[in-house]
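**Student:** Kindly generate the corresponding structure for this input.
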Amino acid sequence: SIVRKFNEWFSAQRFSPRKNKRNYSQPNIERLRWLQKEGLLHPRIETEVNEVISQEFVFPEDIIERLREDKEIWKNYQGFSEGYKRIRIAYIDSARKRPEEFEKRLGNFIKKTRANKVYGFGGIEKYF
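**Tutor:** Prediction:
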């Protein structure tokens, strides 16, 4: 997307159409859910977006089991928003083909969850 400033009060953001058969990242799916909830989706893309955001996220059982091993971690995890859980678990799961990275991401998530801390990259917190 491209953001252009009109003047000191207004700016606009242009989103280009996605290429066919491209996957959406979980943060982008959460952004689309937020845009739909706020009524900010352009009518031209609503049908395509509804297909994407209506797909149920499946939480990998092995990751959930690791979280359930510790009662404090599981309690803190259950207190997080659904959007945050989907984003974090999808991020961990995306490294599954790289076992060392997968364990590193899962370990970090477990550590942060034990401390009841929400983390992520800047600006995404409004989507969860």
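
**Student:** Could you use CA atoms for every contact and neighbour count after this?
**Tutor:** Fine.

**Student:** who does the longest helix anywhere in the chain touch, helix- and strand-wise?
**Tutor:** The longest helix of the chain (DSSP state H) is helix 99-114. Counting by 3 or more CA pairs under 8 Å, 6 or more residues apart in numbering; DSSP states H and E, the packing neighbours recorded for helix 99-114 are helix 71-79, helix 82-93.

**Student:** In terms of mean pLDDT, which of the ones you listed ranks lowest?
**Tutor:** For the helices and strands packed on helix 99-114, mean pLDDT drops lowest on helix 82-93, to a mean of 94.

**Student:** about what we covered before: and L41, which of the helices and strands packed on helix 99-114 is closest to it?
**Tutor:** Among these, the nearest to L41 by CA to CA is helix 82-93 (18.6 Å).

**Student:** neighbouring contacts of the closest one?
**Tutor:** The list of residues contacting helix 82-93 from outside it, by CA atoms under 8 Å, 6 or more residues apart in numbering, reads 26-27, 30, 57, 59-60, 63, 77, 102, 105-106, 109, 127-128.

**Student:** re the thing from before, just the CA trace of the longest helix of the chain, in PDB.
**Tutor:** The C-alpha coordinates for helix 99-114 follow below in PDB (Å, rounded to 0.1, in the frame of the first residue of the first chain):
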ATOM      1  CA  PRO A  99      12.700 -26.700  13.800                       C
ATOM      2  CA  GLU A 100      15.200 -24.400  15.500                       C
ATOM      3  CA  GLU A 101      13.300 -21.300  14.600                       C
ATOM      4  CA  PHE A 102      10.000 -22.900  15.500                       C
ATOM      5  CA  GLU A 103      11.300 -23.800  19.000                       C
ATOM      6  CA  LYS A 104      12.800 -20.300  19.400                       C
ATOM      7  CA  ARG A 105       9.600 -18.600  18.500                       C
ATOM      8  CA  LEU A 106       7.500 -20.900  20.700                       C
ATOM      9  CA  GLY A 107       9.900 -20.500  23.600                       C
ATOM     10  CA  ASN A 108       9.800 -16.700  23.300                       C
ATOM     11  CA  PHE A 109       6.000 -16.800  23.200                       C
ATOM     12  CA  ILE A 110       5.800 -19.100  26.300                       C
ATOM     13  CA  LYS A 111       8.200 -16.700  28.100                       C
ATOM     14  CA  LYS A 112       6.200 -13.600  27.300                       C
ATOM     15  CA  THR A 113       2.900 -15.400  28.100                       C
ATOM     16  CA  ARG A 114       4.200 -16.500  31.500                       C
END
